[in-house]
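1. sequence? don't have it. structure:
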C-alpha cells in the first residue's frame, strides 16, 4: 500500500524510520490491533463512493490550496501517513505552510525565536514550547512532519487558540476573543440549529456524556473559535496555501475548519482527509458515518488504519460518581 521513499534531506532521517515502521515493506503497522481488517490501509473517496489509490489521493492534494489531515492523536500510524503526504506535496514543488493544532498562537513568538537561532532544528521545537507539559502525545510522532517542513524551508504555523482562551470561552467568557476574529467568522452569532445539535452531540460524546449541561454552550463556543482560529492561521500561512495537522474532528467539512475556510475563500480548492481506525464489526466505509453524526462521512477522503488500543477512554469516568 505504501511505497518506500527516501527522505528529502539527511535531516529527515527520522521520517525514513517512521515510514519504514508504517509500511515500506508490505504494510508493517505500528498500531497492533486489526492489522488484517479488510479496510486497513485502504482509502475511501467519499464523494466518489469508491476506494481510490494513493496516487489519486496525492494528485488531489497536489491540486488543493488547502489540505487538512485529520488524525487520532495517539495513533502513530496516522502521524507517519501525514508525514508521507507532506513529503509527497513537497516533492511536487509545492511550498505550503504547515499549520499545527498542537501549537497555539501564544507560542508563535517562542517558535520564531527558536527557528531564528536554529532554522532546521525540529526536535528543539518541543523545548521551545514546553511540549512535555502540553498534554499532547510524544513530540517524536510530530517531529518528522516538522522536520520535513523546515528542511524544505516551509513556514511552521501555530494554529490553535491559546489554552487559557479556550478555557475562558468554555466558562462563558466570550470577551477573551479577538474582536476581528469574531467579526470575520460570525462567532457572535449562534450557528444554524442543525450545526448546534451536531456539535452538542459530538462534544457530549467526546466527554463520555458526563459534560455538565451548564458547560454545553461554552464548549460549543470554544470549539467554533478553535476551528475559526485554525482556518485563519491557514489563510495567513503562506503564498502557496497550507496544510493543517489536526484532530479528525477539526477537519470535517460540515462544521469544522473547512467551513470557515470556505466562508472566507469560497472558490479556493481544499481537501479534507481523515485517518480513521477500523473497528472489528464494521467492514464497509459507510458504517463509520454514524460515529460522526450522520449518514455520510463528513470528509473528502478517509484512510483506514489499524487501531492503537482497545482501551475505553470513558471506562475510568464510568466508575466515578457523576459531576
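-> Received the coordinates, thanks. Here the structure is a predicted model, which is why all the values come from computation and not from measurement.

2. where does pLDDT dip in the chain?
-> Scanning the chain with the threshold set as pLDDT under 70 gives 1-27, 316-323.

3. what residues are up against the spatially most central residue of it?
-> With distances taken as C-alpha atoms, centre = their mean, residue 246 lies nearest the centre of the chain, 1.8 Å away. Applying C-beta atoms under 8 Å, 6 or more residues apart in numbering, we find residue 246 in contact with 68, 69, 70, 71, 100, 101, 159, 230, 257. The C-beta positions use only the backbone N, C-alpha and C, and glycine is treated the same way.

4. quick check: the fifth one is in a helix.
-> No: assessed with DSSP: H, G, I helix; E, B strand; the rest coil, residue 100 is strand; it does not lie in a helix.

5. so the residue nearest to the centre of the chain: helix, strand or coil?
-> Under three-state DSSP, residue 246 comes out as strand.

6. the chain should start at 686 in everything you say after this.
-> Shifting the count to begin at 686 puts that one at residue 931.

7. re the thing from before, could you redo the contacts of residue 931 as a markdown table and give each row secondary structure and distance to residue 873?
-> Converted to a markdown table, the contacts of residue 931 look like this (DSSP: H, G, I helix; E, B strand; the rest coil; distance: C-beta to C-beta, whole Å):
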| residue | secondary structure | distance to residue 873 |
| --- | --- | --- |
| 753 | strand | 25 |
| 754 | strand | 30 |
| 755 | strand | 27 |
| 756 | strand | 31 |
| 785 | strand | 27 |
| 786 | strand | 23 |
| 844 | strand | 22 |
| 915 | helix | 19 |
| 942 | helix | 19 |
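
8. returning to that earlier point: and the gap between the residue nearest to the centre of the chain and residue 742?
-> 18 Å (C-beta to C-beta, to the nearest Å).

9. just to revisit the earlier point, quick check: of the contacts of residue 931, which lies closest to residue 864?
-> Of all the contacts of residue 931, residue 864 sits closest to residue 915, with 18.5 Å by C-beta to C-beta.

10. residue 918: what's its closest spatial neighbour, skipping adjacent residues?
-> Counting by C-beta to C-beta, 6 or more residues apart in numbering, residue 918 lies nearest to residue 844, which is 3.8 Å off, once chain neighbours are set aside.

11. meant to ask about residue 850
-> Of all residues not flanking residue 850 in the chain, residue 861 sits nearest, at 5.1 Å (C-beta to C-beta, 6+ apart).

12. how many other residues sit next to that neighbour?
-> Using other C-beta atoms under 10 Å, residue 861 is surrounded by 15 other residues.

13. that one against residue 851, yeah?
-> No: counting by C-beta atoms under 8 Å, residue 861 stays clear of residue 851, with 9.0 Å between them.

14. which residues does the residue nearest to the centre of the chain bridge with?
-> Legend: beta-bridge partners of residue 931 under DSSP bridges are residue 755.

15. and it, how far from residue 801?
-> 26 Å.

16. one more: residue 826?
-> 25 Å.

17. ok, now residue 982?
-> Counting by C-beta to C-beta - residue 982 and residue 801 are separated by 42 Å.

18. between the two, which has more neighbouring residues?
-> More crowded of residue 982 and residue 801, by other C-beta under 10 Å: residue 982, with 23 against 8.

19. so that one makes contact with residue 733?
-> No: the criterion here is C-beta under 8 Å, and residue 982 misses it with residue 733 at 12.0 Å.

20. and residue 807, helix, strand or coil?
-> Secondary structure of residue 807, per three-state DSSP, is coil.

21. can you pull out the strands in the protein?
-> Taking DSSP state E as the criterion, the chain contains strands spanning 728-730, 735-737, 751-756, 782-789, 841-845, 927-932, 955-962, 986-990.

22. dump the ones you listed to JSON lines, plus distance to residue 868.
-> What follows is the strands of the chain, written out as JSON lines (distance: least, C-beta to C-beta, whole Å):
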{"stretch": "strand 728-730", "distance to residue 868": "36"}
{"stretch": "strand 735-737", "distance to residue 868": "39"}
{"stretch": "strand 751-756", "distance to residue 868": "22"}
{"stretch": "strand 782-789", "distance to residue 868": "21"}
{"stretch": "strand 841-845", "distance to residue 868": "20"}
{"stretch": "strand 927-932", "distance to residue 868": "22"}
{"stretch": "strand 955-962", "distance to residue 868": "22"}
{"stretch": "strand 986-990", "distance to residue 868": "33"}
